[in-house]
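Asker: Fold the stuff below for me.
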Amino acid sequence: MKILVVGGAGYIGSHVVADLCEKGNDVFVFDNLYSGSIENIDKKAKFIMGDVNSENDLDKLFKIKFDIVFHFAALKAAGESMDNPEIYSKNNINGTINLLNTMVAHDIKKIVFSSSAAVYGYPKYLPIDEKHTIKPINYYGYTKKVIEEILNWYGKLKEINYATLRYFNAAGYDINERIKEREKTTANLLPIVLECAVGLREKLNIFGDDYNTLDGTGIRDYIHVNDLSNAHLKAMDYLNKNKNNLVLNLGTGHGYSVLEVIKMAKKITGKEIKHSVIDRRAGDPEKLIASSDLAKKTINWEAEHSDLEKILTSMWNLYSKI
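Answerer: Residues are numbered from 1 along each chain as shown. Next up, the predicted model:
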């Protein structure tokens with residue numbers, strides 16, 4: 001198959017590209033390298049520099065007749081989105097509209113979209129399933145909500161066949177060590193913990209230890225990036241065989257607290273993880289855990305590599321080389 005991966009030099013995109021190439025597909029990566037690394041692109045893939053905000057770049061790109069598009073090109077820092085909604089509007093929403101319009105113009109009918117559990121907002125019940133209320137509490141989550149709605153309309157009006165995958169907390173690095181470069185910037189807990197372990201950060205701030213959890217710290221559902229990649233390939237296979245659209249959660253159904261993460265990181269790295277407790281952060285639920293029953297039912301997917309020790313070990317394999 002001839003496959004386009006938009007944002008394929010990024011964290012999740014590069015893992016998907018590696019798996020697609022391994023299966024013998026003809027893979028094209030389109031990326032502006034704002035947050036991605038060209039070193040992480042599989043050597044069997046063809047790299048095309050460009051930006052979803054450039055209609056000219058997209059028109060040139062789609063002179064190639066692709067069978068399916070994977071879309072990872074988005075800014076994703078929730079805090080930054082509240083300070084700079086304009087750049088999130090331009091990149092995430094406008095960029096996706098440009099991509100979809102170019103797909104329509106060139107009669108490309110299939111897309112796998114990288115969405116987020118941020119569309120749900122505060123959980124009304126746990127685990128969160130796909131029927132949960134959609135009510136994002138940050139602008140990043142709102143951009144994903146809007147894109148999901150646009151996809152739904154393009155599905156009805158332009159016969160775009162889509163799979164929307166809502167990740168919970170993506171983590172880890174390739175268990176086969178095909179990915180060589182760390183993310184350039186990250187605001188997520190696990191990378192910050194390992195940055196403390198290697199001395200890139202002095203310490204970790206824990207936002208509150210008075211939640212209604214066993215140790216008082218927040219609990220999150222972490223999903224290994226290899227498991228995420230596997231879900232994308234299964235979603236592609238589903239779209240190739242069915243005309244139905246997909247909206248699926250990707251998580252494990254199990255959560256780990258901040259202190260559990262720190263304890264496991266200390267065990268794996270042999271390093272002290274300096275940390276201090278500060279006030280709670282606005283918008284942080286005490287627990288976020290996914291139900292992925294629908295993904296199991298529809299695409300026969302479940303997490304295989306997402307226990308905390310395996311996730312952190314895969315990350316330490318990369319961070320320990322710093």
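Asker: if you average pLDDT over the helix or strand hosting Trp316, what comes out?
Answerer: Assigned by DSSP states H and E, Trp316 falls within helix 308-319. Averaging pLDDT along helix 308-319 yields 97.
Asker: One more: stretch 197-211?
Answerer: 96.
Asker: distance between the ends of that stretch?
Answerer: 26 Å (Cα to Cα, to the nearest Å).
Asker: ditto for stretch 72-82
Answerer: 20 Å.
Asker: buried set for it?
Answerer: Buried residues in stretch 72-82, counted by 16 or more other Cβ atoms under 10 Å: 72-78, 80-81. For glycine as for every other residue, the C-beta is placed from the backbone atoms N, C-alpha and C.
Asker: ditto for stretch 308-322
Answerer: 308, 310-316, 318-319.
Asker: Same question for stretch 201-220.
Answerer: Neighbour-count burial for stretch 201-220 [16+ other Cβ under 10 Å]: 201, 204, 206-209, 211, 213, 216-220.
Asker: Can you report how many residues neighbour Asp174?
Answerer: Residue neighbour count, defined by other Cβ atoms under 10 Å, stands at 21 for Asp174.
Asker: Helices along this protein, start to end?
Answerer: 11-22, 55-61, 78-83, 85-88, 95-105, 139-158, 189-198, 225-241, 258-269, 293-299, 308-319 (DSSP state H).
Asker: Show the pLDDT at Ala187.
Answerer: At Ala187, pLDDT is 81.
Asker: Give the full set of residues in contact with the closest residue to it other than its chain neighbours.
Answerer: Excluding the flanking residues, the one nearest Ala187 by Cβ to Cβ, 6 or more residues apart in numbering is Ala77, at 5.2 Å. Each residue near Ala77 by Cβ atoms under 8 Å, 6 or more residues apart in numbering is listed here: 140, 185, 187.
Asker: Please produce CSV containing those, extended by neighbour count and distance to Ala282.
Answerer: Formatted as CSV, those follow (neighbours: other Cβ atoms under 10 Å; distance: Cβ to Cβ, whole Å):
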residue, neighbour count, distance to Ala282
Tyr140, 24, 14
Thr185, 10, 21
Ala187, 11, 15
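Asker: for the residues you listed, which one is nearest Gly283?
Answerer: Tyr140 (10.9 Å; Cβ to Cβ).
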